[in-house]
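the sequence isn't on hand, but the structure is:
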């Protein structure tokens, strides 16, 4: 049996514009640097002990045509002047031998900061609930981190936003956590 637990994760985002929705999605993937892979969307577990690496480093481990697992948030619109966003949030426990969570969020009319904060909140809430501590999750305003009892959670996000600029043109935004074997 093959071990499919990723050892590295990188985050990326992209924006694409085209006359077709599919074309704009393809261009968003290109902008994010992941169009050359066969992407398989998976649910939202950040693997235990996985190392977060830069996009540039992560891409060095992958080959064109390879099947690559991603947690992917995407949003598309062709409504003129519509603001769209896609965000992947991350929450990992201080004890890295435990798994964390990745969340996908896509929205209309939200800034990158609002969408990103929401995605982080979702990931933190999911992690807290698996630990049976959802009622102990507290935002520390001073340190700007989530606290779970005395454990500090690391949270972050990657978010893409764009405004539909031309009539009849599709715009797509994506954000992704790419899981590297």
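Received, thanks. In this text, all values refer to a predicted model and were calculated from it rather than measured experimentally. Numbering: from 1, shown residues only.

from here on, just use CA atoms for contacts and neighbour counts.
OK.

packing partners for the longest helix that the chain contains?
The residue-count maximum for a helix in the chain (DSSP state H) belongs to helix 112-130. Helix 112-130 sits against strand 83-92, strand 100-108, strand 151-163, with contacts defined as 3 or more Cα pairs under 8 Å, 6 or more residues apart in numbering; DSSP states H and E.

angle of that helix against strand 83-92?
When axes from the mean of the first three to the mean of the last three Cα atoms, to 10 degrees is applied, the directions of helix 112-130 and strand 83-92 differ by 40 degrees.

which parts of the helix or strand containing residue 56 are buried?
Using DSSP states H and E, residue 56 sits within helix 55-59. With burial defined by 16 or more other Cα atoms under 10 Å, the residues of helix 55-59 counted as buried are 55, 58, 59.

residues in contact with residue 10?
Residue 10 is in contact with 52, 53, 54, 55, 58, 177, 178, 179, 180, counting by Cα atoms under 8 Å, 6 or more residues apart in numbering.

wait, residue 58
8, 9, 10, 180.

ok, residue 160 next?
Counted by Cα under 8 Å, 6+ apart, residue 160 has contacts 13, 14, 15, 85, 86, 87, 112, 173, 174, 175.
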